[in-house]
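Engineer: sharing a model that was predicted from the sequence below.
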Amino acid sequence: MDNREDTRQDKRLVVVTGGTRGVGAGIARAFAEAGAEVVACARRPPEAPVEGVEFMPLDVRDPTAVRDFFDALPRLDVLVNNAGGAPYRLLADADAERHARVIELNLTAPLTVSLAAYEHLKRARGSVVMIGSVSGTRPSPGSAAYGAAKAGLENLARSMAVEWAPDVRVNTLVVGMVRTELSPLHYGDEEGIAAVSRTVPLGRLAAPSDIGEAAVFLASDAAAYITGAGLLVHGGGERPAFLDAATVNKEK
């Protein structure tokens, strides 16, 4: 038997927030390829529509709009809370209100969305996949509010998994560096991206499809006994800096 049958999403309705570009588009595409009916919601439509993915406008920071959006759905089997992000900004370079908006988008909004989707998911015995970040597990200079929000998101998912069991499974993908259309803003030109890629043990940045395939797995029957988990999708993480600074045990 083909083990891939366990990860099929046939006849399931999947909502991916922020699903029109970058990681979100990769997630939406992966679910569509797995046979799901996919709705990607964001404030703006995609530049290039993805086959099998329907776009619906939504600002996840608007609680009333979020509730109306999910009330209008006929059903829901899988929710992927992907919408988020933040610009590079040192803490002292902005006021607390601006940092709070980053936390609102990356932590409060996924909570708002999850609560609005809960009744649908409970009836379907469905699944929530949070898109977290390694920024929530280590210091994140230049994106401290984002890192704090992602740390909170993973903790929220663990508590949600306990409160909503056994009806709804809730897991987090802890995502490392991904190559998207925004990569030059973070890593520079091709030379910079290549240099950053060499810091990853697997030797490359993730592709959006890598994150999509992991999300499909966590939402699938193959992960039926997984809830409250954080799955690291980071290519092995980062080589500890002290190993390169040490003066012993150097390779000849």
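Structural biologist: Alright, I've got the coordinates.
Engineer: for the stretch 151-252 of the chain, what spans make up the strands?
Structural biologist: 169-175, 230-233 (DSSP state E, counting those that start in this stretch).
Engineer: what pairs with the shortest one, and is each one parallel or antiparallel?
Structural biologist: Each strand pairing with strand 230-233, determined using DSSP bridges, is listed with its direction: strand 169-175 (parallel).
Engineer: restrict the strand it pairs with to CA atoms and write it as CSV.
Structural biologist: Output in CSV follows, covering the C-alpha atoms of strand 169-175 (Å, rounded to 0.1, in the frame of the first residue of the first chain):
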residue,chain,number,x,y,z
ARG,A,169,-5.8,18.3,17.1
VAL,A,170,-3.5,21.4,17.4
ASN,A,171,0.1,21.4,16.4
THR,A,172,2.8,23.8,15.4
LEU,A,173,5.4,23.9,12.6
VAL,A,174,8.5,25.6,14.0
VAL,A,175,9.9,26.9,10.7
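Engineer: what mean pLDDT does that strand have?
Structural biologist: Strand 169-175 shows a mean pLDDT of 98 in the predicted model.
Engineer: looking at the strands of the stretch 151-252 of the chain, which is closest to residue 196?
Structural biologist: strand 169-175 (15.0 Å; Cβ to Cβ). Quick note: C-beta positions are derived from backbone N, CA and C, even for glycine.
Engineer: in this structure residue 145 contacts residue 99, no?
Structural biologist: Yes: between residue 145 and residue 99 there is a contact under Cβ atoms under 8 Å: 4.0 Å.
Engineer: how many residues are close by residue 11?
Structural biologist: Using other Cβ atoms under 10 Å, residue 11 has 9 neighbouring residues.
Engineer: what's the separation between it and residue 223?
Structural biologist: 18 Å (Cβ to Cβ, to the nearest Å).
Engineer: and residue 160, what does it touch?
Structural biologist: 114, 128, 168, 170 (Cβ atoms under 8 Å, 6 or more residues apart in numbering).
Engineer: ok, back up a step: and residue 145 and residue 99? Which one has more around it.
Structural biologist: Shown here are residue 145 and residue 99; by other Cβ under 10 Å, residue 145 has more neighbours (23 against 19).
Engineer: SS state for the more buried one?
Structural biologist: At residue 145 the chain is in helix, as set by DSSP: H, G, I helix; E, B strand; the rest coil.
Engineer: against residue 101, how distant is it?
Structural biologist: With Cβ to Cβ as the criterion, residue 145 and residue 101 are 9 Å apart.
Engineer: same thing with residue 205?
Structural biologist: On the measure of Cβ to Cβ, residue 205 and residue 101 end up 27 Å apart.
Engineer: quick one: which of those two has more around it?
Structural biologist: residue 205 (20 against 15).
Engineer: ramachandran angles for residue 61?
Structural biologist: phi -90, psi 0 (degrees, to the nearest 10).
Engineer: for it, what are its contacts?
Structural biologist: Counting by Cβ under 8 Å, 6+ apart, residue 61 has contacts 104, 105, 108, 109, 112.
Engineer: next SSE downstream of the helix or strand encompassing residue 30?
Structural biologist: Following DSSP states H and E, one finds residue 30 within helix 22-33. Sequence-wise, the next helix or strand downstream of helix 22-33 (DSSP H and E) is strand 37-42.
Engineer: just want the angle from that following strand to helix 22-33.
Structural biologist: When axes from the mean of the first three to the mean of the last three Cα atoms, to 10 degrees is applied, the directions of strand 37-42 and helix 22-33 differ by 160 degrees.
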